[in-house]
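Asks: Fold the following for me, if possible:
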Amino acid sequence: MKTGAGMKKRLLIAHPNLSAPGGGNAVAAWALQALRDEYAVTLATLEPVDLEKTNRWFGTALRDGDFEVAVAKAAYRKLANCLPTRGALLQCGVLMRWVRALDRRRRFDVLLGTENEIYFRRVGLQYVHYPCRYYPRPDLDLKWYHKFPGVVPLYRAACNALSGSDDEGMIRNVSITNSKWTAERIRSYYGVRSHVLYPPVPGEFPEVPWEQRHLAAVGLGRMDQVKRWELAIEIADRVRRRGHDFGLTIIGHRYDAGYEKMLQSLAAERQWVRLLHDLDRTEMAREVASHRFGIHTMENEHFGIAPAELQRAGCIPFVHRSGGPIEIVGETESLMFQMAEEGAEKIAAAIEDAAHASVLRAGAEERREWFTAEKFCEGLRGIVGGFEG
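Replies: Down below sits the predicted model:
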């Protein structure tokens, strides 16, 4: 079926689900918003979409009628959820089969996947957060079942067979990615270059004078051990031992009950640690903008929307010396740390030297417009508009 004169091109966006906060889902949500006016958009997905929650989590303004939702048939959904764990690779494999079935029936003009590599059986576009076939995986991707010999290779082989994908099919796609760090891993495995399009960091933050902000750091992210919030607490402990009345606030949605219980235990021993859960964007923005410093302790994060949000809120962001977050802080040495002592030392330097803090604030102010939702939308429209499938 061809697009007639004067009619919008038909665009299929493939994404497993929009059912939780997170950077990957933010990319999908803002892709829908960026492309809804210029294209007749269909979202191929495994779960229904709750627009109210999606808009609240990601700061979008999506409306009924902006796009069609094509939820996979029950058999696909049952297969995608047959494991006792999340099974992201399995979900992506099932999604590929659903997308190809949909495209066989309706033959879309443009195909775009927003959850890593995707095999359409013809050329499309793919937004890669981290190449799923690049090994070894970062430690943050490793779960309890990776400890059983032979299980993971068997699982991967089964998912690849289910998806019907091959490297050549994915190489032919136009690749978009979230950071230079991830782009290098795509190049290393597939031998192809990628468009680096930083994820959207939506919303405005209150303008709070520096003097009125808390002498504290704030971190954003789910209550998950990969975020390493215990390291943030250790860093704050060390700053306090240097004689500063320093506080720490961790804001994130509930994810791992056992890990959250451990954090609650640490917080109970430290009145200056606050754990805040499931805030809406307005509450989150107000809380973040009331802090002088931001902290991000996750190792080898692919991009990291959280530190970009901290920077947009006017905080001085300190990040682990790895992954995409170092691009967010402009690879500024004074804002990167490896171990707890180094992190504490650099935060203390910003507390104790007003001139040094002023320089760091000026740099963060300059970079805060690098990662806006508007820039993401403009960049994505340019890439999709220039695509010849």
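Asks: and D237, how many neighbours?
Replies: 17 (other C-beta atoms under 10 Å). C-beta here means a position set from N, CA and C on the backbone, and glycine is covered the same way.
Asks: need the contact list for I13.
Replies: 28, 31-32, 35, 41-44, 67, 112-114 (C-beta atoms under 8 Å, 6 or more residues apart in numbering).
Asks: contacting residues for A267?
Replies: With C-beta under 8 Å, 6+ apart, A267 has these contacts: 233, 273-275.
Asks: Cross the residues you listed against helices and list the overlap.
Replies: I233 (DSSP state H).
Asks: Which pair of the contacts of A267 spans the longest distance?
Replies: For the contacts of A267, the farthest-apart pair by C-beta to C-beta is I233 and R274; their separation is 11.2 Å.
Asks: joint contacts of these two?
Replies: 248, 267.
Asks: Neighbour count for these two, which is higher?
Replies: I233 (23 against 15).
Asks: Excluding chain neighbours, what is closest to that one?
Replies: L266 (5.4 Å; C-beta to C-beta, 6 or more residues apart in numbering).
Asks: now the helix or strand where that neighbour lies: mean pLDDT?
Replies: Assessed by DSSP states H and E, L266 sits inside helix 257-268. Mean pLDDT, computed over helix 257-268, is 95.
Asks: okay but A44 is in contact with L12, surely?
Replies: Yes. The criterion here is C-beta atoms under 8 Å, and A44 meets it with L12 at 5.8 Å.
Asks: before we move on, back to that, what two of the contacts of I13 are the furthest from one another?
Replies: Among those, F67 and G113 lie farthest apart (C-beta to C-beta), at 15.4 Å.
Asks: the more surrounded of those two?
Replies: Each of F67 and G113 has its neighbours counted (other C-beta under 10 Å); G113 has more, 27 against 20.
Asks: ok, now which ones touch that one?
Replies: 13-15, 99, 120, 124-127, 173 are the contacts of G113 under C-beta under 8 Å, 6+ apart.
Asks: Would you mind checking these for buried ones?
Replies: Neighbour-count burial (16 or more other C-beta atoms under 10 Å) is assigned, among those, to 13-15, 99, 120, 124-127, 173.
Asks: Between those, which sits nearest A88?
Replies: Using C-beta to C-beta, the buried ones among the contacts of G113 come closest to A88 at H15, 12.1 Å.
Asks: backbone phi and psi for the closest one, please?
Replies: phi -150, psi 140 (degrees, to the nearest 10).
Asks: Report the separation between the residue lying closest to M223 once chain neighbours are set aside and S19.
Replies: Closest residue to M223 apart from its sequence neighbours, by C-beta to C-beta, 6+ apart: E260 at 4.3 Å. Here the criterion is C-beta to C-beta, to the nearest Å. By it, E260 lies 19 Å from S19.
Asks: Compare these two and say which is more crowded by neighbours.
Replies: E260 (19 against 16).
Asks: per the record, what domains does this structure have?
Replies: 9-201+373-385, 210-367 (automatic domain parsing).
Asks: ranking the ones you listed by mean pLDDT, which is last?
Replies: domain 9-201+373-385 (a mean of 85).
Asks: Any idea how far apart the tips of that one sit?
Replies: End-to-end distance for domain 9-201+373-385: 10 Å, by C-alpha to C-alpha, to the nearest Å.
Asks: what residues are shared contacts of A44 and L12?
Replies: Counting by C-beta under 8 Å, 6+ apart, the residues touching both A44 and L12 are 99, 102.
Asks: Do you have the strands of the stretch 1-150 of the chain handy? List them.
Replies: Shown for the stretch 1-150 of the chain, the strands assigned by DSSP state E, counting those that start in this stretch span residues 9-14, 39-45, 68-71, 110-113, 125-128.
Asks: Can you show me the helices along the stretch 51-200 of the chain?
Replies: All helices of the stretch 51-200 of the chain, identified by DSSP state H, counting those that start in this stretch, fall at 51-58, 74-80, 88-106, 151-163, 167-172, 180-190.
Asks: One more: the stretch 251-389 of the chain?
Replies: 257-268, 281-288, 305-312, 325-328, 340-352, 354-367, 373-385.
Asks: Would you mind putting those helices into TSV with distance to Y198 alongside?
Replies: Shown next, in TSV, are the helices of the stretch 251-389 of the chain (distance: least, C-beta to C-beta, whole Å):
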stretch	distance to Y198
helix 257-268	28
helix 281-288	19
helix 305-312	8
helix 325-328	8
helix 340-352	24
helix 354-367	11
helix 373-385	7
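Asks: among the ones you listed, which is the most enclosed?
Replies: helix 305-312 (a mean of 29; mean count of other C-beta atoms under 10 Å).
Asks: any idea of the angle that helix forms with helix 354-367?
Replies: Going by axes from the mean of the first three to the mean of the last three C-alpha atoms, to 10 degrees, helix 305-312 is angled at 110 degrees with respect to helix 354-367.
Asks: Contacts made by helix 305-312 with the rest, please.
Replies: 23, 26, 198-201, 203, 205, 218-221, 288, 294-296, 317, 319, 325, 328-329, 364, 367-368, 370-372.
Asks: and it, how far out from the chain's middle?
Replies: 11 Å (C-alpha atoms, centre = their mean, to the nearest Å).
Asks: now the angle between helix 51-58 and it, please.
Replies: Using the same axes, to 10 degrees: helix 305-312 against helix 51-58 is 60 degrees.
Asks: quick one: helix 305-312 to helix 281-288, angle?
Replies: Using the same axes, to 10 degrees: helix 305-312 against helix 281-288 is 60 degrees.
Asks: Ends of stretch 103-111, what's the gap?
Replies: 9 Å.
Asks: Could you do stretch 253-272 as well?
Replies: 20 Å.
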